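Chemist: Based on what follows, work out the 3D shape:
(chains A and B)
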Amino acid sequence: MNSKITKLFILFLSIQFVAIQSAFSQEITISGKVIDGSGIPFTGVNVIVKGTNTGALTDFDGNYSIKSSKGQVLVFSYLGMKTEEVEVAESSIINVSLYEDAQALNEVVVTAMGIERADRTLGYGVSTVKSEDFDVAAETDVVQALQGKISGVNITGQGGGIGASSKITIRGVTRISGSNSPLWVIDGVPISDANDFTSSRTTGSIDYGNRAQDINPDDIESLTVLKGASAAALYGSRASNGVIIVTTKKGKEKGSLTYSSTIRFDSPLRLPDFQNTYGPGTQGVYSEIDGNNLQDVSPGWGPLISEGGSYTDYAGNLQTFESHPDLQKDFYALGITKVNNFSVSGLSNKGSSNYRLSTSYSSKEGIIPGSELNRLNIALKSGTKLFENLKSDFSLNYINSNVEGAVAQGGNDPNVLMGIVNRLPRITDVNVFKPWKAESNDEQLAAVDSDGTNNPYWIIHENQRTSSTERFFGNISLDYNPLKKLSLLGRVGYDTYNTTHFSNKHKGTIGLLDGNYTENHISRNELTLDLLSTYDDTFGDIDFTARGGVQWNQRVFSSIGNQGVGLTIPELFDPGNVDTNIPWKNYSKRRILGVFGDLTFTYKKWLTLNATARNDWSSTLPQGGNSYFYPSIALSFVFTDAFNIDSDILSYGKIRGNWANVGSDTGAYQLDFLYSPQSSFFGQFNTGGTFPFDGQLAFSGPNTLPNVNLRPENQANYELGVELGFFKNRFNIDATFYKNVTTDQIIALLVPSSTGYSTSMTNLGQISNTGFELEVSAKIIRYKGFRWNLNYNFSTNETIIDELGEGIDKYTMASAFNGLVVGAEEGESIGIYGNRFARAVDDSGNTIEDMILVNESGVRYEGDNERLGNIFPDFTMGLTSVFSYKGWSLSTTFDWKEGGVLYSQTVSSLRTSGLAAETAVDRETLFVDSEAFMDNGDGTYSENTIPISSVQEYWSNYSASRIHESNTFDATYIKWRELGLSYSFNKKQLKSLPFSSLRLGVQGRNLAIFNTSIPHIDPETNLFGSGSNGGAIEYNGVPSTRSVGFNVQVKF
Amino acid sequence: MKNIFSNIKFEFLFIFILIFSLTSCDSELVDINEDPLAVTSVPPELLFPEVLVNFSSVRSIEFAGLNMHAQQWCGSGGTWLSRSRYVLGVPSVNNGWTTWYTTCLKNLSLVELLVESNNPENQYIKAQAKILEGFIYSNITQVWGDVPFTESVNPTDYPYPNFDSQEVVLEGVVSLMDEGLAILEQDMDSDIITDSDLVFKGDRQAWIRWANSIKLKMLMFIANKKPETVSSQLQDLVSEPMIYTNSQEAKLSYTTEIGNENPKYRFIQNYWGGNINLWYAGRPLVNLMNELNDPRLSTYFEPNVNGAYLGKWQGYTGFATISKINANNILPDTPDRYSTASETYFLLADAAANGYVSGGLSQANTWFIQGVTLALDYFDGSLGEISQTDKDNYIASFPDLSTLSTDEALDYINDQHYISLFNNGLEAWNQWKRTKSVELDVPANAGATEVIRRYTYSTNEAGSNINTPQGLTLFTNMWYEK
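Modeler: Modelled structure (predicted):
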């Protein structure tokens, strides 16, 4: 199979680069004037002869002149304006009006299955991001680059961890179990966005990122987000989470060569506010008599540092207390990102063939010393019109991505770094940890704590955490028009990657002194075959398009790995060099066969009815119940055209609405009751061992109770939208209201362990999302060469669990620590649940919200496990402003997330350990927690009068990690996401240079956070990564980064 | 160009053929939904090692803190100081509960199911599963008290199992033993699990002995509360085969083979390079042994800097003069001891002294001396071996129990029983709860005014089972406590 595809690719390659021809004929000089929609002369418009290098710019009066010949086409373009093309005829004067590039006009949008449709005929809302938008801040991760730019999406990054994942969900979550990630489609072909992992999240795992990060933003021509199921319905069972469609760049002009280079510097955006007054100790005392030492006491509850006490440091030297306020700053390195893009593109064969070859190399050094990511992207795309009625397209992408020094987050893993770095006493000189390893042997020096806390530099330098990924994806397609009105498209798309996760604990790592290594080879591939026929016709005022097709999709996942425990030669990571090997193997294969049809009727260009239907057969569902049908219907009505409204105020108006019903299958092998061989058994503190045990093999039944009667999930969608353009489309509004209801979710339901199973596969529940999206774009100033555009978007989405199954109070979607979970509860949005402070109860046993209780010591204590808040924001909005004047462009983006909550383990840790700045305030002053109440023991309560015994006692109880309420904060923030200033040289300035264009820019990303009530950390973080439905929990996360840099782009 | 055209036609045709051939051969989508890495049926014995090894992993390391609750050990820092202070660690509690119910009891129920559906004549295998199942339930109830028993591990009929009182569980374990014994005591043409039986290698008589020993222990818990109902059963047991010699004891033997080592040993290797770092002696045990001049002091503990044996009050810090646990007790092949011969004798002595069985204090004395002797002999041939002189002197130091009052005699019996359970925190903790023969300390810095009696329920269970009892605390007595 694979070799056949390879052969096909090669065959295509050879065809794509047949003769490159150019044509010459009699040249004449064309001149003219370019004006904008309001009649004002347009300066700086790019005029080129299509398919050649010949170009000109309009002057201050909008005039240009250019040499061309009859039959050639002049292209007039300017950023933000709709490009005009005029064929050179007899006249040597060509005057052109350029209009705003309003999305409401005749823009063509790439929709499901790669079908291009006029925006005005769409019955659903889509959001599109263009290549220019990715240029502004030159972000290397395409998901991150979408922050603040479009409505209806929720994006959460992972702080400053190198190569870490970015989670994106579209219009809320539609299921409480299973994936909520959208489908990624590149040039018509689905690709994997998996977030592969090697161990569990909570016990300390390494986030190696989600694979959408393999996409090179510089290759993107446009990115369209199909938000509603109606838009995506042709993708059938994979449509329910929305679809992100990426169209890559292709050759457009005659031979050009583009090079761009970016360098960026990263530093922590926000570090905790530490106190620098108190040293380590307990209750203000530090004494090494009686065997106490740094590891037995709290890092921040000791005496005043200024008292100059003495202590034995981690390296065993006697030292005097001295404050090191820059401890953390000294620890982080300056991150450096370098991105170099190079591309050759053009047209040949009189424009009937196009090609583009690009290579991009990004190298990123993170703020954690020694962490880095290197990525090479090579993309090749070409298309040829072989005959009038036969076109072929081909694209191939190669990605090689390597991450070193990825950071572990979470709990138990000795490699979790931030928990160590943020908990060092303020008297610590970071240099005490150097050297970290004895020269003579592999012994660790200056360990923090023999009970499991390693020297941070030991973790960084001795314990590797790497991933290396090699990926290919691409497609070949043939588009054949046997008749004028009929076209047939055949397409083969293939995506395959192999990624290797490697980590080791060097011999001498506390927690695993004998050392180990873990190697996991993961491979995924996805093959998609499409056959699509299209018939277009016109009957009087009615345009009619009918499409029918078949899609076949197969996804294969396999992983094979080994953990070698107990290294003999320290740095030889070979199964033969270890005491025991624990190998594992995973495999799954699934297929979907879909048959679909699509009918579109357009009446007088202003009324469009689009109906689609798809039937899927999935391999993952039981025989007899594996076929399911997905219909959709959408209507678009351009009322301004229908009623001939042509006013200067309202220039464009459209109403659209749609309904769709989609659904989803489940994972492979969920139906049978299966026994699996076991290669290892679990033991806390890395004490697990291996089978065979004493020579005996072991098997186990499943932990998930399978279900032979699973049904496909079902999701109904409704959407209503309006698009309005005012003042000749200088002011555009696009508003959408939607609702989707998902029922019969396929869930691995957490069942009581006492049933013998951890989870049980079942169909249950109903979850609905209701939301509103608004996109506004305004061309505020158009004066001579000066332009000011504003783009604003607003989204609000409410996810409600309408129904869980009988007897289920709450469904745990992801578990964190000490009973802190992300859960779903009937009638509520998805929330985090954890222990709250104990509260008073009234006579009828109801909790009195305002009466928090203290215990005999006068401190608050742990009460019931209850809801702490919504994990999703109430609303998000983004604002982008672009000023441009001649070649200058100043662009900036802000985004705002309002509401939702975040639990922060870092805050808990800083406060309980006495390191947070607030714990040093009035440390010697004893007080009464006067807002709390005492339980009189007889059902009555009185105001608290018990003084705390110490400030340490107060904070260690108040912020204890077992009381989640006190460490949970409103997650609202406003971020200054991007700022970019660039200058593009004009043709005149470049006359003596070999460039056809040159642009210089400076840019910044994540420049500041405002309006946040969470202390010490950046609220934009997510312990669980993109592969989980968890969120709103921070646990030893790496600080996010602020970056500033500059770039240059030249075109030859 | 002609040539290319024909190629294109070929390719075009090829793509279409490819698509159609792939789609048409796909009529049986179901076939590919068969997991190539798992099977729908296995010989039942293959599940046994999974059960035993995971069961002991929890007993040995996940619940190593139970040694602190029994106050035989004392944690000086980190996790272990937390355990001394009754911070149980939610993940540990959850892991213990989940492992014992899902990994262990579920697979045992599947053993019975597989026998029943594939080879119903192999009744001995069912008996082995029942006895082990009973022993696991006995462990579960000793940690949590009231637990799902009659409705557990039956998701179809009981998706939300009710919790049974400890009384029901203890009596249920006795019934399981009776069921197992009823099968094993018959001679029949049945296979028995041999190689995969990591405890007795398929020795039918050994399983009979173990079942009776487990039954004895359960009956003694029940007798604490309602002696009249079980004394005749106890009396009957006296003449049954039980674990009477050290070589007969039920245990999971770890080996020196890496990957099959004792989990505590693995732990001290991983964290402390094979030394004992944060595990110190608990005060009540050391005080008791000092008082008795017990020859096992040097077997159990390291002398402190002054050459003496000193234990620590749980929850306090400052360990400069405290004795550490002797690393000889934590070797790669140190077994997880399920039921021992000395335990049999101490329980019998207890039963006789209490009058549950006949023979009175003089019979109690005989069994007591046999218990102490077996407890001391256990270390023969190991690094902690006790010299014959020390053994003789020690045994000679006890008064004849028949000369004492019942309470005094019981004190001797139960103190010795408690001492013998060193390094077996679960049994030692419950021996204390049952008899209170030694006085335990209320730990410092634990927010406690009592000694811990039970663990909190797994948060996973509580979060998913509406029948989980509310209102129990760490200090709520076990049902069987007097």
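
Chemist: any idea how far B:Gln186 is from chain A?
Modeler: Between B:Gln186 and chain A the computed distance is 27 Å (Cβ to the nearest Cβ, to the nearest Å). No exception for glycine: its C-beta is placed from N, CA and C like everyone else's.

Chemist: what helix or strand is that residue on?
Modeler: Element membership of B:Gln186 [criterion: DSSP states H and E] is none; it lies in no helix or strand.

Chemist: For it, give me the pLDDT.
Modeler: The predicted local distance difference test score for B:Gln186 is 96.

Chemist: Phi, psi for it please.
Modeler: Its backbone dihedrals place B:Gln186 at phi -90, psi 150, with angles given as degrees, to the nearest 10.

Chemist: mind listing what it touches?
Modeler: With contacts defined as Cβ atoms under 8 Å, 6 or more residues apart in numbering or on different chains, B:Gln186 is in contact with no residue.

Chemist: Walk me through the domains of the chain.
Modeler: Picked chain A for this. According to automatic domain parsing, chain A comprises the domains A:2-98, A:142-268+A:335-415+A:463-575+A:582-671+A:706-830+A:871-900+A:974-1051, A:672-705.

Chemist: sorry, should have said chain B
Modeler: According to automatic domain parsing, the domains of chain B span B:50-253+B:456-482, B:340-438.

Chemist: closest to A:Gln684 out of the ones you listed?
Modeler: domain B:50-253+B:456-482 (4.7 Å; Cβ to Cβ).

Chemist: Quick check: end-to-end length of that closest one?
Modeler: The first residue of domain B:50-253+B:456-482 is 37 Å away from its last residue (Cα to Cα, to the nearest Å).

Chemist: for stretch A:822-840, same thing?
Modeler: For stretch A:822-840, the first-to-last residue distance is 26 Å (Cα to Cα).

Chemist: Buried residues, it. List them.
Modeler: A:822-826, A:829-840 (16 or more other Cβ atoms under 10 Å in any protein chain shown).

Chemist: Next up, the contacts around the closest residue to chain B within the stretch 401-550 of chain A.
Modeler: Each residue of the stretch 401-550 of chain A has a distance to chain B, by Cβ to the nearest Cβ, and the smallest belongs to A:Asp451, at 3.2 Å. Residues counted as contacts of A:Asp451 (Cβ under 8 Å, 6+ apart) are A:295, A:510, B:77-80, B:271, B:277-278.

Chemist: Filter those down to the ones in helices?
Modeler: Among the contacts of A:Asp451, the members falling in helices are B:78-80, B:271 (criterion: DSSP state H).

Chemist: Just the CA trace of stretch B:237-252, in CSV.
Modeler: Once side chains and other backbone atoms are set aside, the C-alpha atoms of stretch B:237-252 remain, and they are given as CSV (Å, rounded to 0.1, in the frame of the first residue of the first chain):
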residue,chain,number,x,y,z
LEU,B,237,-10.8,-25.4,64.3
VAL,B,238,-8.4,-26.6,67.1
SER,B,239,-8.4,-30.0,65.6
GLU,B,240,-8.1,-28.9,62.0
PRO,B,241,-4.9,-28.5,60.1
MET,B,242,-3.6,-25.0,60.3
ILE,B,243,-0.3,-23.2,59.7
TYR,B,244,1.7,-24.7,62.6
THR,B,245,5.3,-24.5,61.4
ASN,B,246,7.4,-21.6,59.9
SER,B,247,7.8,-23.6,56.7
GLN,B,248,4.1,-23.8,56.3
GLU,B,249,3.4,-20.1,56.4
ALA,B,250,1.6,-18.4,53.6
LYS,B,251,3.6,-15.7,52.0
LEU,B,252,4.6,-14.2,48.7
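
Chemist: right, is it up against chain A?
Modeler: No - using Cβ under 8 Å from any Cβ of the partner chain, stretch B:237-252 stays clear of chain A, with a minimum separation of 9.1 Å.

Chemist: Okay, now the sheet partners of whichever strand or helix holds A:Arg491, with direction.
Modeler: Mapping A:Arg491 onto the secondary structure by DSSP H and E places it in strand A:486-505. Strand partners for strand A:486-505, identified by DSSP bridges, are recorded as strand A:465-483 (antiparallel), strand A:516-539 (antiparallel).

Chemist: Out of the ones you listed, flag the one nearest A:Asp442.
Modeler: Shortest separation from A:Asp442 across the strands paired with strand A:486-505 is recorded for strand A:516-539, at 13.6 Å, computed as Cβ to Cβ.

Chemist: Poorly predicted segments of chain B, please.
Modeler: Low-confidence segments of chain B, defined by pLDDT under 70: B:1-28, B:30.

Chemist: and the buried residues of stretch A:822-840 near chain B, which?
Modeler: Among those, the residues that sit close to chain B (Cβ under 8 Å from any Cβ) are A:Gly823.

Chemist: so of the buried residues of stretch A:822-840, which ones are in strands?
Modeler: Among the buried residues of stretch A:822-840, the members falling in strands (DSSP state E) are A:822-825, A:831-837, A:839-840.

Chemist: count of residues packed around residue 392?
Modeler: Reading this off chain A. Using other Cβ atoms under 10 Å in any protein chain shown, A:Ser392 is surrounded by 22 other residues.

Chemist: Not quite, go with chain B.
Modeler: Counted with other Cβ under 10 Å, the burial measure for B:Asp392 works out to 12 neighbours.

Chemist: A:Glu388 too?
Modeler: Around A:Glu388 sit 9 other residues, with neighbours defined as other Cβ under 10 Å.

Chemist: How about A:Ser930?
Modeler: Using other Cβ under 10 Å: A:Ser930 sits among 9 other residues.

Chemist: For it, report the pLDDT, please.
Modeler: Each residue has a pLDDT score; the one for A:Ser930 is 90.

Chemist: from the ones in helices among the contacts of A:Asp451, which is closest to A:Thr282?
Modeler: Comparing the ones in helices among the contacts of A:Asp451 against A:Thr282 with Cβ to Cβ picks out B:Gly78 as the nearest, at 15.4 Å.
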